[in-house]
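Novice: Could you work out the structure for the sequence below:
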Amino acid sequence: MLKKENIPNLLTVIRILMIPLFLLLTSLTNSISWHIAAAVIFAVASFTDYLDGYLARKWKVVTNFGKFADPLADKMLVMSAFIMLVGINLVPAWVSAIIICRELAVTGLRLLLVETGGEVLAAAMPGKIKTVTQMFSIILLLCHFELIGTILLYIALFFTIYSGYIYFKGASFLFKDTFK
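Specialist: I've put the predicted structure just below:
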């Protein structure tokens, strides 16, 4: 029997396992119907991100696996989606590159904060807006609602850069001796 404290981790694993299916559906053909199927898979996977966090907080079942795998699963899902959207000509490569580089830089910063005993910065509102606009832009672009999807994409790009700036500003003490 599955214990309730394992459900958030199971949702994270399910999200990771949905990524190959998402990749397959976006790469099969340039058919709108396959892209919509990929959008549904992406939406379900994105919802598991919300749900596993909600359940872990509600039930107070934060685990080391969850602390590691949940953000990794999120990054894997979003980065895979942006790479595939470039491949099907729905997102400019430079936009995808900025988003992916920011995600990697903030992940590295969080690791550095943990290693140096610093406090890991919690997601602030700009980071939450970034996540929501990224996810909705991906879904809308895959459904070929290109105008609103592109508008959301550039809003997501703005909040990607802005929230990255906030993270690095908050951890600037780590780099105070860098250019002396």
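
Novice: Can you say which helix or strand has S80 in it?
Specialist: helix 64-87 (DSSP states H and E).

Novice: other SSEs contacting the helix or strand immediately after that helix in the chain?
Specialist: Next helix or strand after helix 64-87 toward the C-terminus (DSSP H and E): helix 93-115. Contacts defined by 3 or more CB pairs under 8 Å, 6 or more residues apart in numbering; DSSP states H and E place helix 93-115 against helix 64-87, helix 146-170. No exception for glycine: its C-beta is placed from N, CA and C like everyone else's.

Novice: Let me know the angle separating whichever helix or strand comes after helix 93-115 from helix 146-170.
Specialist: Next in sequence after helix 93-115, counting helices and strands by DSSP H and E, comes helix 125-142. On the basis of axes from the mean of the first three to the mean of the last three CA atoms, to 10 degrees, helix 125-142 is oriented at 150 degrees to helix 146-170.

Novice: if you average pLDDT over helix 125-142, what comes out?
Specialist: Mean pLDDT, computed over helix 125-142, is 96.

Novice: again with stretch 14-29
Specialist: Computed over stretch 14-29, the average pLDDT equals 94.

Novice: just stretch 76-90 next, same as before
Specialist: Stretch 76-90 comes out with an average pLDDT of 97.

Novice: List the contacts of it.
Specialist: 15-16, 18-19, 22-23, 26-27, 30, 35, 38, 42, 45-46, 49, 91-93, 95-96, 99-100, 103, 134-135, 138, 141-142, 146, 149 (CB atoms under 8 Å, 6 or more residues apart in numbering).

Novice: Give me the buried positions along that stretch.
Specialist: Within stretch 76-90, the residues that qualify as buried are 76-86, 88, 90, counting by 16 or more other CB atoms under 10 Å.

Novice: now those residues as CSV including distance to K3?
Specialist: Formatted as CSV, the buried residues of stretch 76-90 follow (distance: CB to CB, whole Å):
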residue, distance to K3
M76, 26
L77, 25
V78, 29
M79, 31
S80, 30
A81, 32
F82, 35
I83, 36
M84, 35
L85, 38
V86, 41
I88, 41
L90, 41
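
Novice: just curious, which of the residues you listed is nearest to Y165?
Specialist: Within the buried residues of stretch 76-90, proximity to Y165 (CB to CB) peaks at V78, which comes in at 18.8 Å.

Novice: How much space separates that closest one from L141?
Specialist: 13 Å (CB to CB, to the nearest Å).

Novice: One more: E119?
Specialist: 36 Å.

Novice: By residue count, tell me the biggest helix in the protein.
Specialist: The residue-count maximum for a helix in the chain (DSSP state H) belongs to helix 32-59.

Novice: I am finished for the moment; much appreciated.
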